[in-house]
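In: model this:
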Amino acid sequence: MKTVSRLTTLAAVLLASSSAFAADWSSNAITYSYVPHQSEPGVSDKVAKNIMTFTHVSGDKLGSNLFNIDLLKSDSSDQANRGGGGAQEWYGFYQRNFSLNAMTGNKTGYGIAKDLNLTARVDAGAKNTEFAPAPRKLRLGMSAAMPVSAGFWDIGVAAYKETNHNGIVGKAVSFDVAPSLSSAWAIPVAGIGTFGGFASIVGPKGKDGFGAQTATETLIRATFMFDVMGPKSGLTAGVGVEYWNNKFGCKNSQSFKKDSCTSTTPLVLVSYAL
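Out: A predicted model of the protein is given here:
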């Protein structure tokens with residue numbers, strides 16, 4: 001508990017300090033995604049979801065901010081609690097990056113990395129199913145900005161702490177601190193669009209609310225977004241693929257619904273930069 005308290009206190013200090021600096025630049029976007037074949041732990045059928053996303057990115061003299069929130073609507077395979085059609089969900093996160101280049105004045109990079117960032121991220125969400133998940137997550141770590149000629153590519157490592165709610169057994173769950181690896185990228189390609197995506201790996205985090213040991217969770221999403229009306233229009237559309245293994249740390253072998261913890265699905269996306 002002392003480790004968790006220290007992580008929470010440090011994150012609060014890092015995140016609060018970011019509000020003291022005015023943004024030098026910012027960008028916002030709204031994205032619609034259709035995911036036809038996603039897994040959902042405890043649901044035997046694959047689930048189709050409609051997702052609306054708002055993303056904000058900004059930077060100041062010490063680093064950058066990233067805020068992202070998803071509103072998700074499942075089809076009838078993933079039922080809302082007490083009926084009423086498919087489940088509804090929201091999930092968001094805020095990440096603060098402190099650039100070592102900006103804070104130290106270094107202009108030569110760090111080995112193969114052109115910059116290093118101290119990172120703090122908080123996640124939260126909720127879903128109106130019988131399970132009634134209410135995840136709260138904290139990550140503290142460091143990321144490396146890789147030397148791509150255009151766009152960005154970051155690789156990070158962090159300590160990960162999660163609490164959640166299990167409505168089936170009616171109790172809150174506090175998971176162990178686990179290692180987390182991540183990557184995010186957006187690379188312009190030949191003036192026609194952008195190859196983007198992210199990857200997240202979270203190690204085993206102890207026992208879940210049913211007393212089962214969790215497994216390493218892997219989530220990878222890769223997309224290619226085409227410039228619909230030219231690069232300055234702000235309108236893009238594209239396709240992608242998502243791979244999610246041991247979703248939320250569950251194992252197919254331990255789930256009471258077969259193959260409900262792993263899926264590979266295509267995606268269709270439309271995005272507009274505000």
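In: which residue ranges of the stretch 151-274 of the chain form helices?
Out: Counting by DSSP state H, counting those that start in this stretch, the stretch 151-274 of the chain forms no helices at all.
In: any regions of it where pLDDT drops low?
Out: Along the stretch 151-274 of the chain, the model assigns pLDDT under 70 to residues 255-256.
In: can you show me the strands along it?
Out: Ranges of strands within the stretch 151-274 of the chain are 152-166, 171-174, 178-189, 193-202, 217-227, 235-245, 263-273, based on DSSP state E, counting those that start in this stretch.
In: so which of those strands comes closest to residue 44?
Out: Proximity to residue 44 (C-beta to C-beta) singles out strand 263-273 among the strands of the stretch 151-274 of the chain, at 12.3 Å. No exception for glycine: its C-beta is placed from N, CA and C like everyone else's.
In: show me the contact partners of the closest one.
Out: Contacts with strand 263-273, where a contact means C-beta atoms under 8 Å, 6 or more residues apart in numbering, come from 27-39, 46, 221, 223, 225, 234-244, 247.
In: pull out the buried positions in that strand.
Out: Using 16 or more other C-beta atoms under 10 Å as the test for burial, strand 263-273 gives 263, 265, 267, 269, 271.
In: before we move on, what about stretch 195-214?
Out: 195-197, 199-205, 208-209, 214.
In: what about the strands in the stretch 1-150 of the chain?
Out: Going by DSSP E, counting those that start in this stretch, the stretch 1-150 of the chain shows strands at 25-38, 47-60, 63-74, 88-99, 115-127, 136-145.
In: who touches the nearest residue to residue 238 once chain neighbours are set aside in this structure?
Out: Nearest residue to residue 238, sequence neighbours excluded (C-beta to C-beta, 6 or more residues apart in numbering): residue 225, at 3.8 Å. When contacts are counted by C-beta under 8 Å, 6+ apart, residue 225 touches 193-194, 196, 236-238, 269, 271.
In: wait, which of the residues you listed is closest to residue 100?
Out: Using C-beta to C-beta, these come closest to residue 100 at residue 196, 24.6 Å.
In: what's the closest of the strands of the stretch 1-150 of the chain to residue 189?
Out: strand 25-38 (18.3 Å).
In: and that closest one, what's its mean pLDDT?
Out: Strand 25-38 shows a mean pLDDT of 97.
In: right, and residue 101 touches residue 107 too?
Out: Yes. Assessed by C-beta atoms under 8 Å, residue 101 is found in contact with residue 107 at 6.8 Å.
In: gap between residue 246 and residue 133?
Out: 16 Å (C-beta to C-beta, to the nearest Å).
In: between these two, which one's more packed in?
Out: Neighbour count, other C-beta atoms under 10 Å: between residue 246 and residue 133, residue 246 has more, with 22 against 19.
In: isn't the more buried one up against residue 259?
Out: No. Counting by C-beta under 8 Å, residue 246 stays clear of residue 259, with 11.9 Å between them.
In: what about the nearest residue to residue 145 once chain neighbours are set aside, how many residues close to it?
Out: Take residue 145 and drop its neighbours on the chain: the residue closest to it by C-beta to C-beta, 6+ apart is residue 115, 4.1 Å away. Residue 115 has 20 neighbours, counted by other C-beta under 10 Å.
In: ok, residue 115 - contacts?
Out: Residues counted as contacts of residue 115 (C-beta under 8 Å, 6+ apart) are 99-101, 109, 144-145.
In: out of the residues you listed, which one sits closest to residue 168?
Out: The closest of these, once distances to residue 168 are taken by C-beta to C-beta, is residue 144, at 40.2 Å.
In: which residue, other than its chain neighbours, is closest to the closest one?
Out: residue 113 (3.8 Å).
In: how far away is the one you found from residue 196?
Out: In terms of C-beta to C-beta, residue 113 sits 20 Å off from residue 196.
In: same check on residue 239?
Out: 12 Å.
In: how about the nearest residue to residue 195, chain neighbours excluded?
Out: residue 187 (4.9 Å).
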